[in-house]
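A.B. asks: Structure for this input, please:
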Amino acid sequence: MKNSIQIYPRDLITQLDFSLENFLQHERNIVHQHSAYKIKKTKLIKKEAVIHMDFSENYLTKYAEEIQAFYFGGSRQQISLHTVVTHTKEYPSGEVKTTCYCSMSQNLSHSPPAIWAHLQPILNKLPSEVEIIHFWSDGPVTQYRNKYMFYFLVTHLIEFYPAITHFTWNYHEAGHGKGAPHGVGAVCKRSADRLVSSGNDISSLNDLSEAIQKTCPNINVYLIDEMNILEKEAWLATAKEQIKTFPGTLRVHQVSWNIENPNKLKMKSLSCFCNENTCDHFKIGVMIYSSYKKSRLRVEDVYGPDSESEKENSSDSEHVTAPKYGRHQTEDAQQPFTSKNVFKNGDFILVKLLSKKTEYRYVAMCTGLEEDDEIQVVFCKIGDKTGKLFKVEEQDISFITEDQIVQTLPTPNIILKGLRVFYSFKKPVNVFEKA
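C.D. replies: Predicted coordinates for the structure are as follows:
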């Protein structure tokens with residue numbers, strides 16, 4: 001239903017100006033990612049493979065004849081479907097070969113351990129010549145784009161596929177990740193429903209597998225043992241000390257890895273395939289993992305060094321100290337955070353990120369979610385020169401540790417400017433944001 005909104009022309013123009021930059025960036029990401037996918041798929045070489053994937057909506061078991069209570073009830077068994085389309089180069093014909101897969105499981109998890117359990121049989125079917133893999137998927141943070149997936153990539157992929165020398169994991173722009181895997185899922189479920197309408201029952205995982213193999217001979221079907229998923233979940237639970245968060249994960253559209261630096265992941269805001277070893281286009285940071293030491297995430301890991309001189313002196317040991325006065329220092333600043341606390345959704349805190357020579361400070365709002373002794377926050381950006389007005393950056397979500405919390409902040413007042421929401425503190429906040 002359409003609603004009429006009354007607004008002053010000045011406020012409308014202000015809102016348009018505020019939204020236009022984000023909209024154009026969103027459109028740029030859509031066009032670039034689809035173009036990069038198309039170019040890579042059509043210009044494959046013999047040692048490359050493209051793997052495009054997505055979870056299909058869970059299939060509900062059905063009977064040819066059902067009583068009303070069952071039809072409208074919640075007694076149907078659900079089956080998880082993970083659909084994959086691979087593209088490889090055939091020789092000597094030089095044609096691109098497309099292969100479709102559908103893996104099924106009674107475990108309904110869509111987490112990274114489940115994803116890798118579903119991908120393992122597909123990796124085993126790749127041609128022996130393949131050394132470079134380009135993964136493509138959409139980017140939900142609960143599935144393909146999160147710190148657990150990044151850790152799996154750098155530690156487990158080489159175990160699943162020992163011949164690999166280079167890989168990229170590429171994410172389509174949010175809301176625009178539809179592709180061939182969705183068509184595979186639609187064909188599988190529609191074919192199964194057609195059998196049900198013909199008088200057949202599909203009441204279990206095996207029934208669905210047999211139905212798809214019978215009606216869709218060009219789709220390779222695999223059954224995933226639930227124990228395989230549980231084993232990977234248990235392994236992940238033992239690796240908490242090595243798993244790190246990348247601030248700005250939602251900005252990442254490509255993760256790149258090379259065998260020459262096996263503990264390093266390169267994060268990019270857009271996909272680029274110009275040179276697998278030296279390409280730094282769209283780079284926004286790196287993640288370096290170590291099996292013997294948990295290193296703390298620093299500002300330069302995300303944004304790069306502050307200057308050329310810092311690059312030259314990066315190997316020198318330096319004592320990092322906070323600036324005596326920030327950009328908005330107050331005489332009666334609050335006491336720093338010193339003890340264990342429970343943060344609720346909507347609590348505001350001051351967070352520090354360390355650089356080689358500088359301690360940056362940002363206002364952040366807690367989401368109420370805690371995981372592995374880390375707190376999820378949404379970072380805020382200063383809105384004026386007074387140091388009192390801030391706006392939440394909805395896309396800048398990250399996990400922080402308690403030692404990064406400088407102080408808790410009082411509850412701010414909410415100010416509406418047109419359709420924009422700002423948070424105003426009574427006193428200036430001691431922030432020091434990276435320019």
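A.B. asks: measure the nearest residue to Phe152 once chain neighbours are set aside to His156 for me?
C.D. replies: Spatial nearest neighbour of Phe152, excluding adjacent residues (Cβ to Cβ, 6 or more residues apart in numbering): Pro112 at 5.2 Å. Using the backbone N, CA and C atoms, a C-beta is placed for each residue, glycine as well. Separation of Pro112 from His156 (Cβ to Cβ, to the nearest Å): 9 Å.
A.B. asks: So which of those two has more stuff around it?
C.D. replies: Pro112 (24 against 18; other Cβ atoms under 10 Å).
A.B. asks: if we can go back for a sec, now for the residue nearest to Phe152: which residues touch it?
C.D. replies: Residues in contact with Pro112 (Cβ atoms under 8 Å, 6 or more residues apart in numbering) are 143-144, 146, 148-149, 152, 232, 236.
A.B. asks: So what's the gap between the lengthiest helix in the chain and the chain middle?
C.D. replies: Counting by DSSP state H, the longest helix found in the chain is helix 9-42. Offset of helix 9-42 from its chain centre (Cα atoms, centre = their mean, to the nearest Å): 19 Å.
A.B. asks: ditto for stretch 143-153
C.D. replies: The answer for stretch 143-153 is 7 Å, by Cα atoms, centre = their mean.
A.B. asks: Can you list the buried residues in that stretch?
C.D. replies: 143-153 (16 or more other Cβ atoms under 10 Å).
A.B. asks: Equivalent analysis for stretch 87-107, please.
C.D. replies: Buried-residue list, stretch 87-107, by 16+ other Cβ under 10 Å: 87-89, 99-105, 107.
A.B. asks: These into CSV, with extra columns for distance to Lys266, pLDDT and secondary structure?
C.D. replies: Output for these, formatted as CSV (distance: Cβ to Cβ, whole Å; pLDDT from 0 to 100; DSSP: H, G, I helix; E, B strand; the rest coil):
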residue, distance to Lys266, pLDDT, secondary structure
His87, 23, 95, strand
Thr88, 24, 94, strand
Lys89, 25, 92, strand
Thr99, 28, 95, strand
Cys100, 30, 96, strand
Tyr101, 28, 96, strand
Cys102, 32, 96, strand
Ser103, 29, 96, strand
Met104, 34, 96, strand
Ser105, 32, 95, strand
Asn107, 32, 92, coil
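A.B. asks: Taking those residues, tell me the two that lie furthest apart.
C.D. replies: Using Cβ to Cβ, these reach their maximum pairwise distance at Lys89 and Asn107, which is 34.0 Å.
A.B. asks: For the spatially most central residue of the chain, give me its contacts.
C.D. replies: Most central in the chain under Cα atoms, centre = their mean is Arg145, positioned 1.9 Å from the mean C-alpha point. Going by Cβ under 8 Å, 6+ apart, Arg145 touches 139, 171, 249-250, 252.
A.B. asks: same thing but 6 Å
C.D. replies: By Cβ atoms under 6 Å, 6 or more residues apart in numbering, the contact set of Arg145 is 139, 171.
A.B. asks: cool, Glu27 as well?
C.D. replies: Residues near Glu27 by Cβ under 6 Å, 6+ apart: none.
A.B. asks: Could you check how far it is from His34?
C.D. replies: The value you get for Glu27 to His34, if Cβ to Cβ is used, is 11 Å.
A.B. asks: For the helix or strand encompassing Val377, C-alpha coordinates in CSV please.
C.D. replies: For Val377, the host element (DSSP states H and E) is strand 374-382. The C-alpha coordinates for strand 374-382 follow below in CSV (Å, rounded to 0.1, in the frame of the first residue of the first chain):
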residue,chain,number,x,y,z
GLU,A,374,34.1,-10.7,21.5
ILE,A,375,31.4,-8.0,21.2
GLN,A,376,29.7,-7.1,18.0
VAL,A,377,29.5,-3.3,17.4
VAL,A,378,28.4,-0.9,14.7
PHE,A,379,30.8,2.0,14.3
CYS,A,380,29.7,5.6,14.2
LYS,A,381,31.1,8.5,12.2
ILE,A,382,31.4,12.0,13.6
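A.B. asks: Within the sheet, what are the partner strands of it, with directions?
C.D. replies: When sheet partners are counted by DSSP bridges, strand 374-382 sits next to strand 359-371 (antiparallel), strand 389-400 (antiparallel).
A.B. asks: And the average pLDDT for it is what?
C.D. replies: Mean per-residue pLDDT for strand 374-382: 87.
A.B. asks: buried stuff in it?
C.D. replies: For strand 374-382, by 16+ other Cβ under 10 Å, it's 374-380, 382.
A.B. asks: got the residues you listed as JSON lines, with distance to Ser128 columns?
C.D. replies: Converted to JSON lines, the buried residues of strand 374-382 look like this (distance: Cβ to Cβ, whole Å):
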{"residue": "Glu374", "distance to Ser128": "41"}
{"residue": "Ile375", "distance to Ser128": "46"}
{"residue": "Gln376", "distance to Ser128": "43"}
{"residue": "Val377", "distance to Ser128": "46"}
{"residue": "Val378", "distance to Ser128": "46"}
{"residue": "Phe379", "distance to Ser128": "46"}
{"residue": "Cys380", "distance to Ser128": "51"}
{"residue": "Ile382", "distance to Ser128": "55"}
